[in-house]
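Trainee: Here is a sequence with its predicted model. Questions after.
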4 protein chains.
Amino acid sequence: MPRKICISVVGSGDEELNPQIAKIANEVGREIASRDAILICGGLGGVMAEAAKGAKENGGLTIGILPGEDTGSANPFIDIALPTGLGFARNVLVAYSGDAVIAISGRLGTLSEISYALLKKKPVIGIHTWNLEQLSGRMPPFDEQSYINSVVMCENAEEAVDKAFAIIENREKIKNGTN
Amino acid sequence: MPRKICISVVGSGDEELNPQIAKIANEVGREIASRDAILICGGLGGVMAEAAKGAKENGGLTIGILPGEDTGSANPFIDIALPTGLGFARNVLVAYSGDAVIAISGRLGTLSEISYALLKKKPVIGIHTWNLEQLSGRMPPFDEQSYINSVVMCENAEEAVDKAFAIIENREKIKNGTN
Amino acid sequence: MPRKICISVVGSGDEELNPQIAKIANEVGREIASRDAILICGGLGGVMAEAAKGAKENGGLTIGILPGEDTGSANPFIDIALPTGLGFARNVLVAYSGDAVIAISGRLGTLSEISYALLKKKPVIGIHTWNLEQLSGRMPPFDEQSYINSVVMCENAEEAVDKAFAIIENREKIKNGTN
Amino acid sequence: MPRKICISVVGSGDEELNPQIAKIANEVGREIASRDAILICGGLGGVMAEAAKGAKENGGLTIGILPGEDTGSANPFIDIALPTGLGFARNVLVAYSGDAVIAISGRLGTLSEISYALLKKKPVIGIHTWNLEQLSGRMPPFDEQSYINSVVMCENAEEAVDKAFAIIENREKIKNGTN
């Protein structure tokens, strides 16, 4: 049995989320579940809770990698709550655990997760979030083939999840020499 | 929907496992899956692989919290591989993530996981492993009610998993004031 | 005795450093040592080694928070080498350990350190590095008084270290109610 | 210039320390400083504070690797406070950072530090603490030459620090082929 695809969703933990962002996060969660992939997030509120809610509404499985030492802080849409006790350093684990990372809005915590995902050469898809391309000169050149070294900006949830799966499949083909 | 129970299984990662220990680990995995709980482990070989194999043979779900930065080192019985890049420090996360921890044989890594589980007041069940009771005087007194502050030694897999679930249920009752 | 001021220096670990960047890193190290502060860095090569070298040439004390489990990877200008075994997650510790963070050039690892430092509301001074101000709209508003929520861009080493100390002193005054 | 020797001191963080244990911790700190070595500890109270106090009384340098995100919890005898935000997982770093580890009394946190130090084949000297030898059969055989795989039990501070330095020197000789 092949291992299931995992998609990490990162973004603002603010409880009072902009309704447009909340809707996008929910749809991203739904789209991930509809493709039978596992949703991984930081387990708290805001974008994390909305995305997990969307995945659960669509029958998906959700994992929350929590900053605290206990499961109590997990949002109610998390199936498997993993307390780390590592504080913000758990962001590294969220970034490492996805086959791709989808970033929705967000501020500095999200920026740390994007940084770690790109460091590990993960595909990073962004919606209304940090666009590192604007910061000319600091990034290694973008690799057109593997989508490494850039946040691939998308406009909506379906496009973002489609893009994530397309890049993952393409990498599998390159790895297996079938491309 | 109540969150699923998670049981962490810790023990030697030696590939050449004593056949008796391998059998016990496999049975512990089977017993965990038969109770519809999720098996969490360090994701590598030895006791971790045997326990995950047992769980998969019984239709269970398995999670591996890996020391490396990639999923490549996960044993083939891991459904969800979480790379941490934290090295041995990931032992802390394995200890924190279970509602109970079952330790089977093992050496220093296992001892670190037992220490962390007891620090967090998790129930710890042991089979042929470190018996901290033998080290008189260093532990706070054993709490008969909650099984805190001790490794509860068992002789076989079924007894160990039964004990883990009995303690978890008992704690739920205490917490809910129905005991 | 008041605790000594610690300044974290972050930047590219590339061994073949641009000579201009190497010179700036060396001068930042010298300036930190000349103010009797402790230099903290990630302990490896590139900007980390040049800055530590500058500090040692000026009689300073240097600490390297290493990604590996052993001290062997520390550059030769590190007095106290702290192996963490945490890989890139040690970036969090480098960001947390300074009273201010000075970022010189750098790529994704540096961006993660800048993110974590700003998350913890540390003053961050930048030379030829990521200028988050260019990414409009994603950051909380800049606080003129405390220099929170922005990378303060400087042109040279002396200006950067002066600025770091000025902000640290100003915060002390605010904290002590003498401003 | 050769790198300075670092000795990690671990033990109970209880504020109301047994006076005999407090005296031993203080003397261990003094002995470390008198040999011009750096004292590393977890930075909090109890054995950590007493050992750091002893080192400072003797002109030594002290480092505290703190569980929290801020330096505020450091005891007043810490020169360099490194906040990690990692909670108990910072125990791994304390264990890794010493050329030898001296354990004084202590409970489960200390046991995790002893486990990690032995995992990394550090010399571990114990005073009134966990004696893993009592747990027959779980440890690899003790190596007489390198003192690996055992807590070397001592009766007092001077003996413990002497032993730590003797083992470190002996290892250096083995490494350099002069033994």
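Mentor: Cool, got the structure. Predicted model only: the values in this text are computed from it and were never measured. Residues are numbered from 1 along each chain as shown, chains lettered A, B, ... in the order given.
Trainee: Check which helices and strands the longest helix along chain A is in contact with.
Mentor: When chain A is parsed with DSSP state H, its longest helix is helix A:157-176. On a contact count with 3 or more Cβ pairs under 8 Å, 6 or more residues apart in numbering or on different chains; DSSP states H and E, helix A:157-176 meets helix A:19-34, strand A:100-104, strand A:124-127. Any C-beta I mention is one placed from the backbone N, CA and C, and that applies to glycine too.
Trainee: Would you mark the buried spots in it?
Mentor: Neighbour counts over helix A:157-176 (16 or more other Cβ atoms under 10 Å in any protein chain shown) mark A:157, A:160-161, A:163-165, A:167-168, A:171 as buried.
Trainee: Also stretch A:25-35?
Mentor: A:25-33.
Trainee: List just the nearest of those to chain D.
Mentor: Nearest to chain D out of the buried residues of stretch A:25-35 is A:Ala25 (Cβ to the nearest Cβ; 26.2 Å).
Trainee: what's the nearest residue to that closest one if we skip its chain neighbours?
Mentor: Nearest non-adjacent residue to A:Ala25, counting by Cβ to Cβ, 6 or more residues apart in numbering or on different chains: A:Glu50, 3.7 Å away.
Trainee: In chain A, where is pLDDT below threshold?
Mentor: Along chain A, the model assigns pLDDT under 70 to residues A:1-2, A:134-147, A:178-179.
Trainee: That one: strands as residue ranges?
Mentor: Using DSSP state E, the strands of chain A run over A:6-11, A:38-41, A:62-66, A:80-83, A:100-104, A:124-127, A:151-153.
Trainee: What is the shortest one packed up against?
Mentor: Applying 3+ Cβ pairs under 8 Å, 6+ apart, one finds that strand A:151-153 makes contact with strand A:124-127.
Trainee: List the strands paired with the strand it packs on, with their directions.
Mentor: According to DSSP bridges, strand A:124-127 forms sheet pairs with strand A:100-104 (parallel), strand A:151-153 (parallel).
Trainee: Next, the angle from the first one to helix A:157-176.
Mentor: With axes from the mean of the first three to the mean of the last three Cα atoms, to 10 degrees as the basis, strand A:100-104 and helix A:157-176 are set at 160 degrees to each other.
Trainee: which residues are in contact with strand A:100-104?
Mentor: By Cβ atoms under 8 Å, 6 or more residues apart in numbering or on different chains, the surrounding residues in contact with strand A:100-104 are A:7-12, A:21, A:24-25, A:28, A:47, A:51, A:94-95, A:110, A:113-114, A:117, A:122-130, A:151, A:160-161, A:164-165, A:167-168.
Trainee: so how far is that strand off the chain centroid?
Mentor: 3 Å (Cα atoms, centre = their mean, to the nearest Å).
Trainee: which of the contacts of strand A:100-104 count as buried?
Mentor: A:7-12, A:21, A:24-25, A:28, A:47, A:51, A:94-95, A:110, A:113-114, A:117, A:122-130, A:151, A:160-161, A:164-165, A:167-168.
Trainee: interface residues of chain A facing chain B?
Mentor: Selection of chain A residues close to chain B by Cβ under 8 Å from any Cβ of the partner chain yields A:3-4, A:6, A:38, A:40, A:63, A:65, A:69, A:71, A:74, A:78-86, A:92-93, A:96-97, A:120.
Trainee: Count the neighbours of the nearest residue in space to A:Ile168 that is not next to it in sequence for me.
Mentor: If the residues on either side of it in the chain are set aside, A:Ile168 comes closest to A:Asp99, at 5.1 Å by Cβ to Cβ, 6+ apart. Neighbours of A:Asp99 under the rule other Cβ atoms under 10 Å in any protein chain shown: 22.
Trainee: Would you list the phi and psi of A:Asp99?
Mentor: Note on A:Asp99: backbone dihedrals following degrees, to the nearest 10 are phi -70, psi -30.
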